[in-house]
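Colleague: need the 3D shape of this:
(chains A, B and C)
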Amino acid sequence: MFRHNTLRYTALVLLAAGALFQAFTAEYFGLEILTEILILAMLVLALDIVAGFGGMVSLCHGALMGVGAYAYAVLSTKAGIALPVAMAGSIALTGAAAWVIGAIGSRSHGIYFIMATLAFGQLAYSYVFEAPLFGGDDGLGGISRLDLSLIGVDLNNSRSFALFCLATLGAVYGASVLILRSGLGRSLTGVMHNEQRMRALGLTVWRVKADVFGLSGMIAGLAGALAAQHIMYISPGLLSWTVSGEALVVVILGGLGTLVGPVIGAAAFVVLKHELSSVTTYWHLVVGVILIAVVMSRANGIFGWIEARWGGVFDRRLADATRKQEPEEVLTDA
Amino acid sequence: MAHDLGFWTLQALNALQLSMLLFLLSIGLTVIFGLMHFVNLAHGSLYALGAYFAASLAAVGGYWMGFFLAPVAVAGVGILLYSGLIKRMRKSGPMAQVLVTFGLIFVLLDLTRIFWGDLALAIDVPTLLGGRLTFLGVEYPTYRLFIIVLGLAIFGALAFVLSRTQIGAMIRAGVDNDAMAACLGINVERLFFIVFCLGCALAGLAGAVAAPLLSVTPDMGLQILIPTLIVIVIGGLGSLKGAIAGSLIYGFVQTFGAVLAPQLASVLIYALLAAVLVIKPEGLFPAKG
Amino acid sequence: MLETRNLDKSFGAVHVTRDVSLKLERGERRVILGPNGAGKTTLFNQLVGELTPDSGSVHLAGEDVTALPVAKRARRGLSRSYQKNTLFDGLTVEENLGLAAAVHTGNATQLWSDSLAKPEVREIVEEVASQVNLMPFIHAKVSEISYGVRRQLEVGVALATRPLVLLMDEPTSGVGPEMSKGFHDLLAGLPRDLTMLIIEHDMDLAFDVANTITVLNYGEVVFDGLPEEARGSSLLKEIYLGSWEDA
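Modeller: Modelled structure (predicted):
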């Protein structure tokens, strides 16, 4: 069950402060990186909801984000629909697609679920690649950002757009917490711990899985619509399964099932990628080694490790919990 | 349609050739999964390594040196992976395995780039298998026929080993219930090791035979991975029957889809996969009931 | 309240349930006895819908539920506990009970409110926790409580759906004799209108709770009657007690 604790609040405040500082002081390149982090953070929050609290490890969240991006682009540039409506439409459409995937995948578990989501992601990828409506390999350009001139904000300014994404991420985080604390979110966690028992108690398990997967898809769709507005150009590569794989990597790197962790993971991943790719073209090698090391270390990512190590300084309850869990291991981690 | 019988024979042969290549890859992956419940996303990378080894060896000692030694070299890499990583990941959940082998894809991808560079390598068809043969009334490249024959031969050999030999019986027992197999005195750990190495060698062999057909590039492993996964999910994880059925389904749907419905070709196979997952989530011929 | 008519089930050549007809009245407390492999748990699985019978039917509160899936039967008031603990291991006792109560009160699929904070859910959680003596452990995680307490929680979770019929599969399985006795007193103290069907291995303990007894042997009902009759029955001694003592 999701719970905030002092460490999590502290991390959130620090993250928000860091993002705000970056948003007000950084120049163009720094703002681009910040925006990239913020959008990736939304995607990985969506993924953490289903994978970390529902055991539904999805390899199609990158594709869902791509569906949101393409839906926004097509609705706004080709169908000429008003931008806010196009945005709402892209979120709804992605949510509906995710709901269907969740419903069909609800019968599969473990590796079968991973494979099923991979298949659906690839289905979307090949369709976008083939269909002339989506511009094929060339992608789609000329995508506009939302017009917020009514409240005196020009989103074509990188700083304003970064702040807009930060505000949206805040809202997404809040929504994620509400989802996890709702009856639906509680039941989903129950299903992750013991699906058979939840069913025996009278829960229609597939509906709960599909509903939460749909909600998670809406967040991924939102991230996609913002990504399309950020780069103003999209290509099928956005839906490639490696994007979904990277999203999963970010969740694991940050700390599965902690919400705060994946946000930290997003920041670490984007910064690492930019720093490394400026030094070497072989940055995938370094990321791969780090990923293997993190998974093999059995720590729950960066934030999981921090919670195990320093959570006790902030919370008695956490301190007790850590002490009960193999104290030797906590010591040798240092 | 205005196509004659020869055209369809040609397409059928193309489909069969693609199926056999996929079979060489998927059989290793599926039996490793069936036996060890281990999902190796880096299986495609081993195929790419096989192609690179074959290209380098062919440059030194001709095609056949690559053909015979590349699988051995890839099995060697498999031994390193098994003792370094995979043995320790056996008891982890599917997500951890997917992630570690996903990381491995990144590592192997960049290692091939470091050793062999970003440019595509080419390797010639051996003189023995050059040219074309007339077969069922159509002229078909001898080398592609060789791949079909090789795939069928390996299928036959594996079917024989699995059904008629003692090690085959041990593997079937292990797939069925590894704890029980261990109780029966089978050295399950050694069995895992042998099967893993054999799976790696077959992936290397697939890379070596594919090398003259395609250009050898660092991302060829990523490109083949998804079709291979589709094959084993459609066929059902863990079974020889599933691997051959899935390979044939993929090969024929892909090849004939491209001819009959070019717009839908790439979507078709995923739609089929989705349909299989809805109707039979465990695939058409799962190893266990 | 709960009735089966001519229930039959085979796995290949093994006939696990043979023509089983049972009828439980409202408030009845029936214990099913039988040696290992008599088909008790298989019968339970057919009652709740985890297994489909080959023929025959299951009726709950006068309605044929044979075709209904597990969750729908549960929502109509059929609840079960398992012989092997089937709990939400990473969660607290309170959350375990709360998840069950949330399903019963219709809060389990709500998006706009926290099911575990709802007054009606909290009320059930507290009531059930005191019924099965879980109050002292209410905030402990399942991993932090002893095996015996987990057995209590196993029944508690089933009770928290406020069932009409409660099926318990060896509720005292694996706990010591002294604790078993306490457990049976606890079951005896549950509301009188709750219909209970209990699988039990230990005959003496069964007599503490039961007002009717069914004995299964090789999937077949071989005795159906009052506890006093069961005690005196020579047939029963032969097939059940006999095999029990020999073993």
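
Colleague: so where's the stretch 201-334 of chain A uncertain?
Modeller: A:312, A:314-334 (pLDDT under 70).

Colleague: show me what from it comes close to chain B.
Modeller: Within the stretch 201-334 of chain A, the positions adjacent to chain B are A:241-242, A:245, A:248-249, A:252, A:281-282, A:284-285, A:287-292, A:295-296 by Cβ under 8 Å from any Cβ of the partner chain. For the C-beta atoms, the positions are set from N, CA and C on the backbone; glycine is no exception.

Colleague: so which of those residues are in helices?
Modeller: Among these, the members found in helices (DSSP state H) are A:241-242, A:245, A:248-249, A:252, A:284-285, A:287-292, A:295-296.

Colleague: list just the nearest of the residues you listed to chain C.
Modeller: Chain C lies nearest to A:I252 out of these, by Cβ to the nearest Cβ, at 18.4 Å.

Colleague: make sure that closest one is actually in contact with B:V98.
Modeller: No - applying Cβ atoms under 8 Å, one finds A:I252 not in contact with B:V98, separated by 9.9 Å.

Colleague: helix or strand right after the helix or strand where B:I79 lies?
Modeller: According to DSSP states H and E, B:I79 maps onto helix B:63-81. Note on helix B:63-81: by DSSP H and E, the next helix or strand toward the C-terminus is helix B:87-89.

Colleague: using neighbour counts, pick out the buried residues of that next one.
Modeller: For helix B:87-89, the neighbour count (16 or more other Cβ atoms under 10 Å in any protein chain shown) marks B:87, B:89 as buried.

Colleague: same check on stretch B:253-268?
Modeller: Across stretch B:253-268, burial judged by 16+ other Cβ under 10 Å covers B:253-258, B:265-268.

Colleague: tell me the centre residue of chain B?
Modeller: Centroid check for chain B by Cα atoms, centre = their mean gives B:L25 as the closest residue, at 0.5 Å.

Colleague: and chain C, by the same measure?
Modeller: In chain C, the centroid-proximal residue (Cα atoms, centre = their mean) is C:M168; its distance is 1.7 Å.

Colleague: which non-adjacent residue is nearest residue 51?
Modeller: Picked chain A for this. The shortest distance from A:A51 to any non-neighbouring residue, by Cβ to Cβ, 6 or more residues apart in numbering or on different chains, is to A:V57 (4.8 Å).

Colleague: sorry, I should have been clearer: chain C.
Modeller: C:N45 is the one closest to C:L51 (Cβ to Cβ, 6+ apart), at 4.0 Å.

Colleague: so what's residue 76 up against?
Modeller: I went with chain A, as the question did not name one. A:83, A:86, A:143-144 (Cβ atoms under 8 Å, 6 or more residues apart in numbering or on different chains).

Colleague: the chain in question should be chain C.
Modeller: Per Cβ under 8 Å, 6+ apart, neighbours of C:R76: C:60-61, C:63, C:65, C:68, C:164.

Colleague: and if you look at C:V31?
Modeller: Applying Cβ under 8 Å, 6+ apart, the residues near C:V31 are C:198-200, C:206, C:209-210, C:212-214.

Colleague: pull out the buried members of those residues.
Modeller: Neighbour-count burial (16+ other Cβ under 10 Å) applied to the contacts of C:V31 gives C:198-200, C:206, C:209-210, C:212-214.

Colleague: ok, those vs chain B, which is closest?
Modeller: Looking across the buried ones among the contacts of C:V31 and measuring by Cβ to the nearest Cβ, the closest to chain B is C:I199, at 27.1 Å.

Colleague: surely that closest one is in contact with C:F44?
Modeller: Yes - using Cβ under 8 Å, C:I199 makes contact with C:F44 at a distance of 6.7 Å.

Colleague: buried ones in stretch A:68-83?
Modeller: Buried-residue list, stretch A:68-83, by 16+ other Cβ under 10 Å: A:68-77, A:81, A:83.

Colleague: now do the same end-to-end measure for it.
Modeller: Length of stretch A:68-83, first residue to last, Cα to Cα, to the nearest Å: 13 Å.

Colleague: picking up where we left off before, just the ones of the buried ones among the contacts of C:V31 in strands?
Modeller: Among the buried ones among the contacts of C:V31, the ones falling in strands (DSSP state E) are C:198-199, C:212-214.

Colleague: of the residues you listed, closest to C:E229?
Modeller: For those, the residue nearest C:E229 by Cβ to Cβ is C:I213; the value is 8.1 Å.

Colleague: got the residues of the stretch 101-250 of chain B near chain A?
Modeller: So far as Cβ under 8 Å from any Cβ goes, the stretch 101-250 of chain B lies against chain A at B:102-107, B:109-111, B:113-114, B:222, B:226, B:229-230, B:233, B:237.

Colleague: what count of nearby residues applies to the closest residue to C:D193 other than its chain neighbours?
Modeller: Once flanking residues are discounted, C:D193 sits nearest to C:G27: 5.1 Å by Cβ to Cβ, 6+ apart. By other Cβ atoms under 10 Å in any protein chain shown, 13 other residues sit near C:G27.

Colleague: next, C:G27: secondary structure please.
Modeller: Following DSSP: H, G, I helix; E, B strand; the rest coil, the label given to C:G27 is coil.

Colleague: can you check B:M95 too?
Modeller: Going by three-state DSSP: B:M95 is helix.

Colleague: gap between the residue nearest to it when sequence neighbours are not counted and B:L237?
Modeller: Excluding its sequence neighbours, the residue lying closest to B:M95 (Cβ to Cβ, 6+ apart) is A:V57, at 4.7 Å. Distance, A:V57 to B:L237, by Cβ to Cβ, to the nearest Å: 16 Å.

Colleague: between the two, who's got more neighbours?
Modeller: Taking neighbours as other Cβ under 10 Å, A:V57 and B:L237 compare with B:L237 leading, 27 against 23.

Colleague: wait, the more buried one sits on B:F33?
Modeller: Yes - counting by Cβ under 8 Å, B:L237 touches B:F33, with 4.9 Å between them.

Colleague: any common contacting residues for these two?
Modeller: By Cβ under 8 Å, 6+ apart, the residues touching both B:L237 and B:F33 are A:I111.

Colleague: residues from chain C in reach of chain A?
Modeller: C:48, C:50, C:70-72, C:74-75, C:79-80, C:82, C:86-91, C:95, C:98-100, C:102-104, C:107-116, C:144, C:157, C:161.

Colleague: got a list of contacts for the helix holding B:I79?
Modeller: Helix B:63-81 is contacted by residues B:42, B:46, B:49-51, B:53-58, B:104, B:123-126, B:196-205, B:207-209, B:211-212 when judged by Cβ under 8 Å, 6+ apart.

Colleague: list buried residues within those.
Modeller: B:42, B:46, B:49-51, B:53-58, B:104, B:123, B:125-126, B:196-205, B:207-209, B:211-212.

Colleague: number of residues surrounding the spatially closest residue to A:G136 that is not a sequence neighbour?
Modeller: For A:G136, ignoring the flanking residues on the chain, the nearest one in space by Cβ to Cβ, 6+ apart is A:F129 at 6.3 Å. Residues lying near A:F129 (other Cβ under 10 Å) number 18.

Colleague: quick one: secondary structure of A:F129?
Modeller: Under three-state DSSP, A:F129 comes out as helix.

Colleague: who are the packing partners of the lowest-mean-pLDDT helix or strand in chain B?
Modeller: Ranking every helix and strand in chain B by mean pLDDT, DSSP states H and E puts helix B:178-183 at the bottom, with a mean of 78. Packing partners of helix B:178-183 (3 or more Cβ pairs under 8 Å, 6 or more residues apart in numbering or on different chains; DSSP states H and E): helix B:166-176, helix B:188-210.
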